[in-house]
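**Student:** only geometry, no sequence info:
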Ligand code: PMT
């Protein structure tokens, strides 16, 4: 893909925001992008194929069963042609189809057939956007690596006010360009090992102690390290995310399993990032049979788990640059700096997990990085954006 030949397949689904697509195509072409447009049947109720053909300078594709179109650029070729498939506006209907893998028209079929990066720009009524079904579908798509751009907040065509407006064309253009511009391979030739997600500490064959870590922050770090050219080992606790393509995944369950995998991989690594929410304690004994209900109270005896990241930082031979995370609910800077020192780390990324909308199981986060006597605040952003900044900061510390 050359600088001047970014190929964007714009998929337009049915929604009032489709009228902005003519402007979107023009702005993409201003940036030397090649744009081809695919429209769903309902999209054509909002903007005509003729308009989209005029602005893109290419025939608009709208049917899976059109022999003439298939004879020119067939749907599989179109799916392979794109560097980025952008669905804008993405209605709740197409989001649901994508999440379920339905392929009942040209656009949904292309979305299954494309190896390219896929991004969606949701646009719908604020109530529809907030609906659990839509939120669950969006989470499914995000976990598969689909970039979700927006939606924005404000007055809607139906008169409602809230979240659900498609991002403006200029915002979508800058996100598309950012996505299509390859990162400088600052970590080429380096190996990065990352722990992510929670651990599960079994109590008996059916019960365990765990926490709310989703793995999103750790998986975003893995994606960022891959983008910078690193070889990535991802030691993952039990999560429901799809790992980024290209990393070596080591699935573990308990802190002891994670400890073993980490100590095996850390010595061959240049960087170790402990993003997992490791249980500090495990059951002293795991009952062989399901524990029976007893009186009104029950006492569990717990024993301390090994401190994985402290053991990595204490390696004397082949010690990687070691970065921890600190999940705090109060006195964030003080506790994080204490962990940086006590665990012997090179850097720690602190997050205030008492704040709504960030930290555990959120799509966004805000971090403060501490190293030596220095610090850097990274304000609220998506975990993907923050992960890239963190990994670039780490790359800058390597010799
Ligand atoms: O997974 P998400 O839903 O995206 O949420 C992200 C996150 C909030 C889990 C992440 O940003 C985060 O803060 N991870 C660290 C969570 C944590 O366990 O923090 P801690 O302050 O308890 O531990 C400090 C450091 O020691 C961490 O690097 C942790 O991985 C490590 N540790 C802790 C205990 C232990 N036995 N071994 C360890 O290695």
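**Tutor:** Everything's here; your move. Bear in mind the structure is a predicted one, so any value in this text is a computation, not a measurement. Numbers count the residues shown, from 1 in each chain.

**Student:** Would you map out the domains in the protein?
**Tutor:** With domains defined by automatic domain parsing, the chain comprises 3-180, 191-282+301-398.

**Student:** Among those domains, which comes closest to the ligand?
**Tutor:** Shortest separation from the ligand across the domains of the chain is recorded for domain 191-282+301-398, at 3.3 Å, computed as Cβ to the nearest ligand atom. Every C-beta, even on glycine, is put in place using the N, C-alpha and C of the backbone.

**Student:** returning to that earlier point: kindly report which one of the domains of the chain carries the lowest mean pLDDT.
**Tutor:** Between those, the one with the least mean pLDDT is domain 3-180; it has a mean of 93.

**Student:** now that one: how far from the chain's centre is it?
**Tutor:** Distance of domain 3-180 from the chain centroid (Cα atoms, centre = their mean, to the nearest Å) equals 19 Å.

**Student:** Kindly reformat the domains of the chain as a markdown table containing distance to residue 293.
**Tutor:** Conversion of the domains of the chain to a markdown table gives the following (distance: least, Cβ to Cβ, whole Å):
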| stretch | distance to residue 293 |
| --- | --- |
| domain 3-180 | 33 |
| domain 191-282+301-398 | 12 |
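
**Student:** In JSON lines: the ones you listed, plus distance to the ligand.
**Tutor:** Putting the domains of the chain into JSON lines (distance: least, Cβ to the nearest ligand atom, whole Å) gives the following:
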{"stretch": "domain 3-180", "distance to the ligand": "11"}
{"stretch": "domain 191-282+301-398", "distance to the ligand": "3"}
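
**Student:** Now for the nearest residue to residue 99 once chain neighbours are set aside: which residues touch it?
**Tutor:** Distances taken as Cβ to Cβ, 6 or more residues apart in numbering put residue 137 closest to residue 99, at 3.8 Å, once the chain neighbours are dropped. For residue 137, the contact set (Cβ atoms under 8 Å, 6 or more residues apart in numbering) comprises 92, 95-96, 98-99.

**Student:** Kindly recompute the last result at 10 Å.
**Tutor:** Counting by Cβ atoms under 10 Å, 6 or more residues apart in numbering, residue 137 makes contact with 92, 94-100, 122, 131.

**Student:** Dump those to JSON lines, plus neighbour count and secondary structure.
**Tutor:** Converted to JSON lines, the contacts of residue 137 look like this (neighbours: other Cβ atoms under 10 Å; DSSP: H, G, I helix; E, B strand; the rest coil):
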{"residue": "92", "neighbour count": "21", "secondary structure": "helix"}
{"residue": "94", "neighbour count": "27", "secondary structure": "helix"}
{"residue": "95", "neighbour count": "25", "secondary structure": "helix"}
{"residue": "96", "neighbour count": "16", "secondary structure": "helix"}
{"residue": "97", "neighbour count": "21", "secondary structure": "helix"}
{"residue": "98", "neighbour count": "26", "secondary structure": "helix"}
{"residue": "99", "neighbour count": "19", "secondary structure": "helix"}
{"residue": "100", "neighbour count": "11", "secondary structure": "helix"}
{"residue": "122", "neighbour count": "30", "secondary structure": "strand"}
{"residue": "131", "neighbour count": "14", "secondary structure": "coil"}
